[in-house]
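Trainee: need a structure here:
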Amino acid sequence: MPEHPHPRPLGRRGFLAAATATAAATAPVGALLTAGAATAAPAAARPNVLLIVTDDQPKDTAWATPRTIGWLGEKGVTFRNGHVTTPLCAPSRSSVFSGRYAHAHGVRNNGASAALDQSRTVQRRLADAGYRTGLFGKYLNSWPLADAPPHFEEFTLLQPAYDDARYNVNGTVKTIPGYSTDIVRDRALAFLDKAATDTRPWFAYVTPYASHSPNVPAPRHADAAVPAWNGRPSVPEPDGADKPPFIQDAGATLADGRAVRAKQLRSLLAVDEAVQAFHDKLAQLGQLENTLVLYIADNGFTWADHGWTKKSVPYTPAHAVPLRLSWPAAGLDRGTTDDRIAANIDIAPTLLAAAGLAPDTGHDGHSLLGTADRDHLLVEFWKQGTAAGGPPTWASYVAKDRQYTEYYDLHTDAAGTVSGTGRVTFREYYDLAADPYQLTNLLHGATPARERELGIPALAAALAADRTA
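Mentor: Numbering: from 1, shown residues only. So this is what the prediction gives:
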C-alpha cells in the first residue's frame, strides 16, 4: 500500500490493540466528567466543537480507521451501543442537527430537506452564542448547491462526489479538482487555522462523502490490501421464510458483501488520515485540550446481511454506527467505554450542554455528558413513493436484548408528507441476546398465547407511543 501522508506511530494492528486495551474501563460519561466542566462557562472557556459525520459507515470498519480509534477511542470514549434513529442520510443528519426524531423534525426522506426548521438547530444555537461556525462536506440531500447552509459562517458545501466535485464555497459555486475527502480536510484545516487569531470558540461540522456508494478510494489507496472477511451468520441468511417479502426477494451473496466491504474500507482510509490531520492541527494550535470531538456515521450499511446490500432496513448493521468522543479538558480522554444506548438525537443536546447552553424543549435526545439513560430507542423509516420494491415504511423498538418491528401501509411524497392506511402489514421480533444476527423471527407462526408470553402487546403499545410522542 502506498505511503500515507501522515505518519502513523504504531502499525495498524498495534494501534487497535492499544485502543482495545485502554478502553477496558466502562462508565457513563457523566461519571467521568471533571467537576463543573459541562456547566455554564464564560465564552472564552467554552470548548471548541469538531463534529465529524461520515456517510454510510457501519460499525465493523475499525481496520480502516486506526488513527481515529487511537485518538477518540484510546484517548476518548467509545459508545458501544451507538445508533441512528433513521438509517437514511438526510433524516439522520437532520436528527443530528435538531436532536429530534424524523417524525418530529419532518425530514422523513432524502427529498424533504426543506422541512427542517433551521431556527431549531444546534448550529443556530452555537452561532447565536458567539461560536464561529463552519461546514465542510456534505450537508442535506436535495439541498440546492447554490443555497448557503443556514447558520454557518464559512462553508465548503459538497455536491456529493469523490473526484473533481462541485462545491459552494462561501457563496461561489465551482468545480475543485482533486479527491473530495482531501479537499474537505484541507478546507476544514484552514478554518481551524483561523483560531490562531480569532479568539471565538468554534464549531466545525466536517462531513466527507465516504464511505457512500460508489465508495471510490483516494488514488493512493486504490490497491490497499483489505483483510479477508468470511461474513457472519446473516450473510446471507440461509432461510428467509420468516422475513418480510422484500427481504425474501433479496439475493445478495457473500461475494457481494465482500465487494461492498472492501470498497467502503478503502474509501475510509482517507477519512482516517483527515482525522489525524485534525488532531495534529489542534495540537499545533494548543487547542487539543479544550476541543470536544465527536465522531458518528449518518447510518450503517449491510454487507449482504439477509441478502441485502444497502441501508434503510431495521436490521442492526443498518442502524448501529461507530460513535466516539473526546474532550480532555473535561476528563473525557481516558479510553473508556460507555454501554448506554446512544444515538444521533443525542448529539445536539450534548453540544449545547458542553457550551453551557440550555437544551431545546423539543429535544428527543439527551446530553451524553450526563447520566441520562434509556432502555430502548425508536428507529423509524418511511418509504418514499409507491413504486414496487424496497423496504416498506417501518418502525422499531430497539433495546440491547430485543427488537420489535412493525411494517405499515404508509408512504411519503418527496416533501415528506405521509399517506396510507397505516395498517400493520408485517411484524418481526428478535431475542438479540440469543440471536444477535436476527435469524429467527419469533413472531413467524406465533400464536396469540405465544405473543403474550413474548410481551408483544406491551412492545406494540410502547412503539405506538414512541411514534406519536
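Trainee: Tell me where the stretch 51-200 of the chain has strands.
Mentor: Secondary structure of the stretch 51-200 of the chain, counting by DSSP state E, counting those that start in this stretch: strands at 77-83, 132-137, 154-158, 166-169, 172-175.
Trainee: Ranking those by mean neighbour count, which comes first?
Mentor: strand 132-137 (a mean of 25; mean count of other C-beta atoms under 10 Å). Where you see a C-beta, it was placed from the backbone N, CA and C, and this is true even at glycine.
Trainee: in its sheet, what does that strand sit against?
Mentor: Neighbouring strands of strand 132-137 in its sheet, by DSSP bridges, are strand 154-158 (parallel), strand 202-207 (parallel).
Trainee: after the last one comes which helix or strand?
Mentor: Beyond strand 202-207 in the direction of the C-terminus, DSSP states H and E gives the next helix or strand as helix 245-248.
Trainee: The next helix or strand after that next one: which residues count as buried?
Mentor: Downstream of helix 245-248, the first helix or strand assigned by DSSP H and E is helix 254-285. For helix 254-285, burial by neighbour count (16 or more other C-beta atoms under 10 Å) applies to 256-279, 281-282.
Trainee: now helix 254-285 and strand 202-207, what's the angle there?
Mentor: Put simply, helix 254-285 runs at 160 degrees to strand 202-207, going by axes from the mean of the first three to the mean of the last three C-alpha atoms, to 10 degrees.
Trainee: Off-centre distance for stretch 311-322?
Mentor: Computed by C-alpha atoms, centre = their mean, to the nearest Å, the chain-centroid distance of stretch 311-322 equals 10 Å.
Trainee: Any idea how far apart the tips of that stretch sit?
Mentor: Using C-alpha to C-alpha, to the nearest Å, the span of stretch 311-322 from its first residue to its last is 15 Å.
Trainee: likewise stretch 115-131?
Mentor: Taking C-alpha to C-alpha, the first and last residues of stretch 115-131 lie 25 Å apart.
Trainee: Quick one: mean pLDDT over it.
Mentor: Mean per-residue pLDDT for stretch 115-131: 97.
Trainee: Contacts made by it with the rest, please.
Mentor: 43, 46, 49, 94, 96-99, 105-108, 133, 135, 140, 150-153, 200-203, 205, 347-348, 351-352, 355, 357, 360, 362, 415-416 (C-beta atoms under 8 Å, 6 or more residues apart in numbering).
Trainee: rewinding a little: so which of the strands paired with strand 132-137 gets nearest Thr78?
Mentor: Judged by C-beta to C-beta, the one of the strands paired with strand 132-137 that comes nearest to Thr78 is strand 202-207, at 19.4 Å.
Trainee: just the helices in the stretch 301-450 of the chain please.
Mentor: Using DSSP state H, counting those that start in this stretch, the helices of the stretch 301-450 of the chain run over residues 316-319, 347-354, 448-454.
Trainee: Those helices into JSON lines, with extra columns for mean neighbour count, distance to Arg334 and mean pLDDT?
Mentor: Putting these into JSON lines (neighbours: other C-beta atoms under 10 Å; distance: least, C-beta to C-beta, whole Å; pLDDT from 0 to 100) gives the following:
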{"stretch": "helix 316-319", "mean neighbour count": "26", "distance to Arg334": "28", "mean pLDDT": "98"}
{"stretch": "helix 347-354", "mean neighbour count": "25", "distance to Arg334": "17", "mean pLDDT": "98"}
{"stretch": "helix 448-454", "mean neighbour count": "12", "distance to Arg334": "40", "mean pLDDT": "98"}
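Trainee: Show the low-confidence segments of this structure, by residue range.
Mentor: When residues are selected by pLDDT under 70, those of the chain lie in 1-27, 31-44.
Trainee: Quick one: residues contacting Pro233.
Mentor: In this structure, Pro233 makes contact with Tyr437, Leu439, judged by C-beta under 8 Å, 6+ apart.
Trainee: how near is it to Tyr397?
Mentor: Separation of Pro233 from Tyr397 (C-beta to C-beta, to the nearest Å) stands at 23 Å.
Trainee: Check Gly82 too.
Mentor: Taken as C-beta to C-beta, the spacing of Gly82 relative to Tyr397 amounts to 18 Å.
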